[in-house]
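# Model the structure of this input:
(one chain, ligands or ions: 1)
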Amino acid sequence: MSSDVTDILLKSLRTVDEKVYNRTDVERPTKEVFKQMGAMVTSRITKQDIDICDVGIGAGAFLYYYSTLYPEANLYGLDISEKLIDESRAAMPNCEYTLGNMDDPTHYDEEKFDVISCVGAFACLDDPQFAVANFLRWLKPGGIILIADAFNPDPIDVIMRYKLSDSDRKEWESGWNIFSNETIEKHARAVGMPIEIEWHDLPMPFPIKKTEDSMRTWTVQMDDEPHMRINGSCQILYTQCVIIRKGTA
Ligand SMILES: C[S@@+](CC[C@H](N)C(=O)[O-])C[C@H]1O[C@@H](n2cnc3c(N)ncnc32)[C@H](O)[C@@H]1O
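Just a heads-up that it's a prediction; the model follows:
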């Protein structure tokens with residue numbers, strides 16, 4: 001493979017995120033996904049003075065929602081984008097932020113968090129095994145990991161690159177990879193810790209219209225799903241949340 005092609009394939013920055021997310025996100029109505037995941041957390045973790053880490057924070061909207069659910073919690077945010085960390089810090093100054101890649105195990109000590117969440121950022125990874133292993137290392141026994149994204153119920157992993165047809169850019173855009181439920185489970189079990197795994201659909205309760213930016217998700221009606229998320233690259237997005245609980249044994 002030529003180095004040009006390797007560069008293009010290895011560059012896994014989703015450039016659009018820095019334009020889309022900003023500090024005003026925390027003032028907007030809470031996203032459906034956060035509400036559904038927030039309910040999954042509060043039904044499982046009743047202790048209040050806990051340590052919560054959101055990975056791939058965008059502009060901190062989920063951290064803000066956590067602060068309403070767990071006012072006594074210590075909140076941590078990890079993101080690869082300095083700009084988005086700055087946006088989040090402006091809106092949520094009382095959180096502790098780390099700039100870095102979730103693939104790097106050195107960001108946090110072992111057994112630091114009661115809850116680790118990651119919404120919409122696994123699709124930016126080309127190999128999810130490192131993040132899954134790190135999350136399990138950083139999680140306290142009895143804690144839970146919630147990873148929400150488009151996952152493939154069929155046992156096939158998809159690495160996706162796209163380009164706007166009218167763009168002069170040489171680089172292909174990334175950020176819409178889809179890993180199978182089976183692959184995520186395989187990586188979690190390979191860490192060798194006692195774990196329990198649950199999968200939950202994250203249904204969109206209302207329709208979303210297509211906008212001018214055809215890589216922003218919208219919904220279409222399908223037989224068994226009234227508001228199925230799709231995007232302009234012809235991807236059908238089976239949005240799910242995997243919950244991984246770390247056992248105490
Ligand atoms: C689609 S946005 C989702 C933002 C937010 N979680 C939400 O749902 O609104 C993906 C986020 O993950 C971050 N991200 C992408 N790859 C990452 C990586 N390898 N490590 C840490 N953060 C990453 C991006 O900078 C961006 O903030």
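# I'd like the mean pLDDT over stretch 131-139, please.
Mean pLDDT, stretch 131-139: 98.
# Is the ligand within reach of it?
No - using Cβ under 6 Å from any ligand atom, stretch 131-139 never reaches the ligand; the gap is at least 7.2 Å. (C-beta placed from N, C-alpha, C; glycine too.)
# got the buried residues for that stretch?
131-139 (16 or more other Cβ atoms under 10 Å).
# Report the buried residues of the lengthiest strand in the chain.
Criterion DSSP state E: the longest strand present in the chain is strand 139-152. For strand 139-152, a neighbour-count test (16+ other Cβ under 10 Å) marks 139-140, 143-152 as buried.
# Okay, now the sheet partners of that strand, with direction.
Sheet pairing for strand 139-152, assigned by DSSP bridges, gives strand 113-119 (parallel), strand 179-180 (parallel), strand 239-246 (antiparallel).
# In this protein, what residue spans correspond to helices?
3-10, 16-20, 32-42, 61-69, 82-91, 129-138, 181-190 (DSSP state H).
# Redo those helices as a markdown table? Include distance to Ser233.
Below are those laid out as a markdown table (distance: least, Cβ to Cβ, whole Å):
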| stretch | distance to Ser233 |
| --- | --- |
| helix 3-10 | 16 |
| helix 16-20 | 13 |
| helix 32-42 | 20 |
| helix 61-69 | 25 |
| helix 82-91 | 23 |
| helix 129-138 | 23 |
| helix 181-190 | 20 |
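# rank those helices by pLDDT, which is bottom?
helix 3-10 (a mean of 44).
# Quick one: name the residues of this protein near the ligand.
Within the chain, the positions near the ligand by Cβ under 6 Å from any ligand atom are 17, 55-58, 61-62, 78-81, 84, 101-103, 119-121, 124-125.
# I'd like the distance between Arg216 and the ligand.
11 Å (Cβ to the nearest ligand atom, to the nearest Å).
# Nearest residue to that residue in space, ignoring adjacent ones along the chain?
Leaving aside its sequence neighbours, Arg216 sits nearest to Asn231 (Cβ to Cβ, 6 or more residues apart in numbering; 7.4 Å).
# OK, contacts around that neighbour?
176, 214-218, 237 (Cβ atoms under 8 Å, 6 or more residues apart in numbering).
# Show me how to select, in PyMOL, the buried members of those residues.
Those of the contacts of Asn231 that count as buried under 16+ other Cβ under 10 Å are selected in PyMOL with:
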select buried, resi 176+215+217+218+237
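# Does Ser117 touch Asp54 like I think?
Yes - Ser117 is within contact range of Asp54, at 5.1 Å (criterion: Cβ atoms under 8 Å).
# Now list whatever residues contact both of the two.
Common neighbours of Ser117 and Asp54 (Cβ under 8 Å, 6+ apart) are Phe62.
# re earlier: between the buried residues of stretch 131-139, which is nearest the ligand?
Ala131 (7.2 Å; Cβ to the nearest ligand atom).
# From what I see, that closest one and Asp104 are in contact.
No - judged on Cβ under 8 Å, Ala131 makes no contact with Asp104 at a distance of 9.6 Å.
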